[in-house]
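Peer 1: turn this into a model:
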Amino acid sequence: MPLDPLFRPVRLGAVEAPHRMLMAPMTRGRAEADGTPNELMAAYYVQRATAGLMITEATPVSRQGVGWLGAPGMYTDAHVAGWRKVTAAAHAAKGRIFLQLWHMGRVSHPDFHGGELPVGPSAIAAKGESHTPLGKKAYVTPRALDLAEIPGIVAAFGAATRRARDAGFDGVEIHGANGYLVDQFLRDGSNHRTDAYGGDVERRTRFAVEVAEACANAWAPDRVGFRASPRGTYNDMSDRDPAATFGRLAERLSALGLAYLHVVEGLPGSMMHTPGAAVAPVLRKAFRGAFVLNGGYDAAKAAAAVAAGEADAVAFGVPFLCTPDFVARTKAGQPINPPDFSTLYTPGAKGYTDYPMAG
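Peer 2: Numbering: from 1, shown residues only. Purely as a prediction, here's the structure:
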């Protein structure tokens with residue numbers, strides 16, 4: 001399969017990308033202790049600025065949303081100032097960059113919050129462990145959010161969007177995937193509420209839609225993307241009917257006029273693959289904006305997906321992580337660097353900004 005389909009321009013809301021190879025969001029844990037982005041992070045994004053669009057690592061919208069060591073934030077003026085240096089450097093390198101907005105919900109830990117419980121839609125603990133400031137510990141049972149608290153969390157996403165605009169980003173992506181708070185509200189395995197935010201599909205999608213509305217109102221709908229993982233099991237997630245849940249979500253997000261819908265549904269053989277019927281085609285039909293796929297693609301498979309109309313663009317994670325010049329190497333038919341997974345979240349430049357360019 002020729003790779004030509006990947007190298008055609010594509011519109012992602014307000015952003016015109018010169019090609020269809022996007023950089024997927026990847027948590028790397030290199031921010032300062034208070035969540036402020038630094039010069040090392042700026043260097044990392046500059047190296048990868050040839051991506052059609054860079055989507056940053058997940059970034060908490062509030063102190064309550066924190067739960068990962070070394071993650072950057074977007075809820076203080078210092079965070080804005082730090083990110084402004086990153087976006088300025090990325091734009092000087094002719095890159096395009098969206099900030100991924102995050103709230104970890106139930107998969108945070110009291111060690112991040114002075115002993116207070118993390119929050120979730122329901123008091124249901126996830127199986128697994130948190131890497132806390134005091135070491136690896138089992139996830140705890142979260143505190144179920146009161147109805148009166150939910151508007152404040154929605155507003156935090158809107159406030160972070162305004163900060164992202166002020167910090168020079170080209171847009172934001174809502175992290176509605178991988179078992180974090182937005183995803184926790186969506187799926188019936190983690191959401192057992194009986195009020196306006198739980199029960200049937202319409203009520204379980206309400207929180208995600210309100211977050212998307214808040215972000216769109218804070219900036220513009222065509223500056224907002226949304227990432228979902230309909231069949232993902234990471235962070236102990238499940239849903240009895242993902243096609244119905246996420247199909248309805250896609251319809252509601254489409255009505256808002258968002259820039260794109262970014263769907264994680266791993267190809268067979270990839271680490272993100274979950275057995276069962278694919279849901280992405282259902283979402284593709286339901287969402288009128290740009291449609292992005294992610295999950296185990298190489299360039300050939302991505303080009304085939306674009307050529308077949310399965311997606312408008314494909315987001316790559318590991319290839320951009322280990323190969324800053326992934327786009328140029330793809331054009332030249334050159335192999336990527338081998339990834340060093342032992343340095344995914346370790347401090348410093350090793351395994352972060354020291355991967356070689358082809359030259």
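
Peer 1: so which residue is dead centre in the chain?
Peer 2: His175 (4.3 Å; C-alpha atoms, centre = their mean).

Peer 1: please name the bridge partners of that one.
Peer 2: On the basis of DSSP bridges, His175 is bridged to Arg227.

Peer 1: surely it is in contact with Phe98?
Peer 2: No. If you go by C-beta atoms under 8 Å, His175 and Phe98 don't touch, sitting 11.2 Å apart. C-betas here are computed from N, CA, C, even on glycine.

Peer 1: for the nearest residue to Gly105 once chain neighbours are set aside, give me its contacts.
Peer 2: Distance criterion C-beta to C-beta, 6 or more residues apart in numbering; nearest residue to Gly105, sequence neighbours excluded, is Leu181 at 3.1 Å. Counting by C-beta atoms under 8 Å, 6 or more residues apart in numbering, Leu181 touches Gly65, His103, Met104, Gly105, Arg106, Val119, Gly120, Pro121, Ile153.

Peer 1: so what's the fifth one closest to, chain neighbours aside?
Peer 2: The spatial neighbour of Arg106 that comes closest, neighbours along the chain excluded (C-beta to C-beta, 6+ apart), is Gly120 at 3.4 Å.

Peer 1: partners of that neighbour in the sheet?
Peer 2: Going by DSSP bridges, Gly120 is paired in beta bridges with Ala144.

Peer 1: so where do the helices sit in this protein?
Peer 2: Taking DSSP state H to define them, one finds helices in the chain at 39-47, 77-92, 150-166, 181-186, 201-204, 206-218, 242-256, 280-286, 299-307, 318-322, 326-332.

Peer 1: what mean pLDDT does the last one have?
Peer 2: Read it as helix 326-332. Helix 326-332 comes out with an average pLDDT of 97.

Peer 1: what of the longest one?
Peer 2: Along helix 150-166, the predicted confidence averages to a pLDDT of 98.

Peer 1: quick check: buried residues in it?
Peer 2: By neighbour count on 16 or more other C-beta atoms under 10 Å, the buried set for helix 150-166 is 150, 153-165.

Peer 1: from Arg223, how far off is the residue nearest to Gly105?
Peer 2: Going from Leu181 to Arg223 by C-beta to C-beta, to the nearest Å gives 21 Å.

Peer 1: again with Ala92
Peer 2: Counting by C-beta to C-beta, the gap from Ala92 to Arg223 is 21 Å.

Peer 1: compare these two (neighbour count), which wins?
Peer 2: Arg223 (23 against 11; other C-beta atoms under 10 Å).

Peer 1: what stretches of the chain score poorly on pLDDT?
Peer 2: 1 (pLDDT under 70).

Peer 1: for the closest residue to Pro347 other than its chain neighbours, give me its contacts.
Peer 2: Nearest residue to Pro347 in three dimensions, chain neighbours excluded: Arg30, at 6.8 Å (C-beta to C-beta, 6+ apart). Listed by C-beta under 8 Å, 6+ apart, the contact set of Arg30 reads Asn38, Leu40, Met41, Tyr44, Gly70, Pro347, Gly348, Tyr352.

Peer 1: so who does Ser254 touch?
Peer 2: By C-beta under 8 Å, 6+ apart, the neighbours of Ser254 are Leu261, Ala286, Phe287, Arg288, Gly289.

Peer 1: chain neighbours aside, what residue packs nearest to Arg206?
Peer 2: The nearest residue in space to Arg206 (C-beta to C-beta, 6+ apart) is Tyr197, at 5.5 Å.

Peer 1: surely that neighbour touches Pro121?
Peer 2: Yes. Between Tyr197 and Pro121 there is a contact under C-beta under 8 Å: 6.5 Å.

Peer 1: between the two, which contacts overlap?
Peer 2: Joint contacts of Tyr197 and Pro121 (C-beta under 8 Å, 6+ apart) are Phe185, Asn191, Phe207.

Peer 1: closest one of these to Ala304?
Peer 2: Distance to Ala304 across those (C-beta to C-beta) is lowest for Phe185, with 34.1 Å.

Peer 1: so that closest one is in contact with Arg203, correct?
Peer 2: No. Taking C-beta under 8 Å as the definition, Phe185 is not a contact partner of Arg203, at 9.4 Å.

Peer 1: many thanks, we can stop here.
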